[in-house]
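>>> Just need the structure, nothing else, for what follows:
(one chain, ligands or ions: 1)
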Amino acid sequence: MSLAEHVGNPWRAGDGGSPPGCRLVAVGSALPERRLTNSEVETFIDTSDEWISSRTGIHERRIADPEVTLVGIAARAARAAMAAGGWTAADVDTIICSSSSPDETFPSLACRLQAELGCPHGTAFDIQAACSGAIYGLALAQSLIQTGLSHRVLVVAAELFSRLVDWSDRSTAVLFGDGAGALLVGGPGEPGSEIVAIDLGADGTGAASLGTSPAPDTALPEAIPAYARAERSLNRVVFMNGREVFRFSTRILEQLIVRLAGAVGVPLGEITLVVPHQANSRILATAAGRLGIPMERFAVNVDRMGNTSSASVPLALAEAAASGRLVPGAGVCLVAFGAGLTWAGAFLRWGDTPAVVDDPGGELVSDRGRQEAVE
Ligand code: UT7
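Now for the predicted structure:
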């Protein structure tokens, strides 16, 4: 079966009696302070800055120190978004978390985050859609609100991928980074950006091309620094058939953008910003070239953050919003793809959606609430 046969029609707000779109009320993100540059990677992995930059566009990534926990970085991103949107813990009635690098089978990251934030009521659960997780979470948040089961949903995608890579495997270790992003989703009456269209899909026949396997039981080489030796709770490492996933990624990225723009009735040239999953800048450049959309209309952070799996879309969106790149009325296309294989897209009509970036190691100072988020 081809991908084209696999996908149904995108959902569109108000289309054929469907309900109005929910609102993206605010965005937040959090990053570890430590930057790991390609030159430093060269000192303990048989690779080169030249290979990594030319094949992937990655120059550096963020790596959490061993004492950082997944729930800790998830909470920082959640607090950043809540400070931006003016929500307190009592406002949140549902928490949906996504992580491709979970540190527990159960309890869920979402339940642990609920306790960490002190949310007094509601429900909390995790979803698994790999790198597409944040957009799957956004879609699910909207559905829960539309059915009346929830009113205000916190979606958090958090990744400590440095604990899922095999640091002795150069083909994957150089690609990934750590970070977290959070989205606040409210009903159609809330302020924020309208969710105008959603497109989700999966093709389980591609499961073998990207996944995890038991960690090797050989000791890591001496040269690998302490921060890359943090404990792995689930003792698994990532594997990937890079070429196969590359082909899938370029094809699905292009299809998703065309389908979403078609559903909304916006010519490709009028998309203000594409916020794609950040796996490889060559994937983005290939899709941009085929679609005839200039690269300046793609949000890119893979050069500075590597592939942060499900956190990458909210991280890139928070950065774009906090730096003032998005103004009311802008057409914003979120698109992601990943293990499963899965893919997901959402088209947003930008409104007043504030963002806070909690990045002690970065230069970007976000527009509002940063002090509250960091304190
Ligand atoms: O987030 C989920 C989605 N993920 C993606 O979309 C990732 C998609 N795939 C990719 O981005 C690319 O396939 C990679 C960046 C992972 C790999 O690039 P590639 O151009 O497909 O390289 P390759 O795997 O075909 O390897 C080419 C060569 C091999 O050497 P030989 O066999 O040609 O002698 C590898 O051993 O590059 C070698 N190689 C490296 N050399 C230096 C692989 N990794 C490295 C490395 N440094 N880190």
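
>>> okay, residue 231: pLDDT?
For residue 231, the pLDDT comes out at 80.

>>> correct me, but it touches residue 66?
Yes: using C-beta atoms under 8 Å, residue 231 makes contact with residue 66 at a distance of 7.2 Å. For the C-beta atoms, the positions are set from N, CA and C on the backbone; glycine is no exception.

>>> more crowded one of those two?
Set residue 231 next to residue 66 and count neighbours by other C-beta atoms under 10 Å: residue 66 wins out with 14 against 8.

>>> On the three-state scheme, whichever residue of the stretch 1-150 of the chain sits closest to the ligand is what?
Nearest residue of the stretch 1-150 of the chain to the ligand: residue 47, at 3.3 Å (C-beta to the nearest ligand atom). Counting by DSSP: H, G, I helix; E, B strand; the rest coil, the backbone at residue 47 sits in coil.

>>> Contacts only, for it.
38, 41, 170, 174 (C-beta atoms under 8 Å, 6 or more residues apart in numbering).

>>> Same question for residue 336.
131-135, 276-277, 310, 312-313, 343-345.

>>> With adjacent residues omitted, what lies nearest to it?
Leaving out its chain neighbours, the residue that sits closest to residue 336 by C-beta to C-beta, 6 or more residues apart in numbering is residue 277, at 3.8 Å.

>>> if I pick that neighbour, what's in contact with it?
Residue 277 neighbours (C-beta under 8 Å, 6+ apart): 131, 132, 312, 313, 335, 336, 337, 338.

>>> run the last query once more with 10 Å
Residue 277 sits next to 130-135, 249, 252-253, 283-284, 302, 307-313, 316, 334-338, 343-344 when contact means C-beta atoms under 10 Å, 6 or more residues apart in numbering.

>>> Counting only helices, which of these make the cut?
133, 134, 135, 249, 252, 253, 283, 284, 302, 312, 313, 316 (DSSP state H).

>>> quick one: which of the residues you listed is nearest to residue 81?
Residue 81 has its nearest neighbour among the ones in helices among the contacts of residue 277 in residue 134, at 11.9 Å by C-beta to C-beta.

>>> if we can go back for a sec, can you work out which residues contact both of residue 231 and residue 66?
Common neighbours of residue 231 and residue 66, counting by C-beta under 10 Å, 6+ apart, are residue 163.

>>> Nearest spatial neighbour of the residue of the stretch 201-350 of the chain found nearest the ligand, chain-adjacent residues omitted?
Nearest residue of the stretch 201-350 of the chain to the ligand: residue 242, at 2.8 Å (C-beta to the nearest ligand atom). Using C-beta to C-beta, 6+ apart and skipping the chain neighbours, the partner closest in space to residue 242 is residue 171 (6.6 Å).

>>> Which of the three states applies to the one you found?
Classification of residue 171 by three-state DSSP places it in helix.

>>> what does residue 261 give?
Of the three states, residue 261 takes helix under three-state DSSP.

>>> Which positions in the stretch 151-300 of the chain make contact with the ligand?
Within the stretch 151-300 of the chain, the positions adjacent to the ligand are 170, 171, 174, 242, 243, 245, 246, 249, 279, 280, 283 by C-beta under 6 Å from any ligand atom.

>>> at 8 Å instead, please
By C-beta under 8 Å from any ligand atom, the residues of the stretch 151-300 of the chain that approach the ligand are 170-175, 210, 240, 242-243, 245-246, 248-249, 277, 279-280, 282-283.

>>> hmm, which of the residues you listed are the buried ones?
Burial by neighbour count, 16 or more other C-beta atoms under 10 Å: within those this picks out 172-175, 210, 240, 242, 245-246, 248-249, 277, 279-280, 282-283.

>>> Quick check: the farthest pair among those?
173 and 248 (21.6 Å).

>>> Now do the strands in the stretch 201-350 of the chain.
210-214, 236-240, 273-276, 331-338, 342-349 (DSSP state E, counting those that start in this stretch).

>>> Take those strands and lay them out in a markdown table including mean pLDDT.
What follows is the strands of the stretch 201-350 of the chain, written out as a markdown table (pLDDT from 0 to 100):
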| stretch | mean pLDDT |
| --- | --- |
| strand 210-214 | 95 |
| strand 236-240 | 94 |
| strand 273-276 | 98 |
| strand 331-338 | 98 |
| strand 342-349 | 97 |
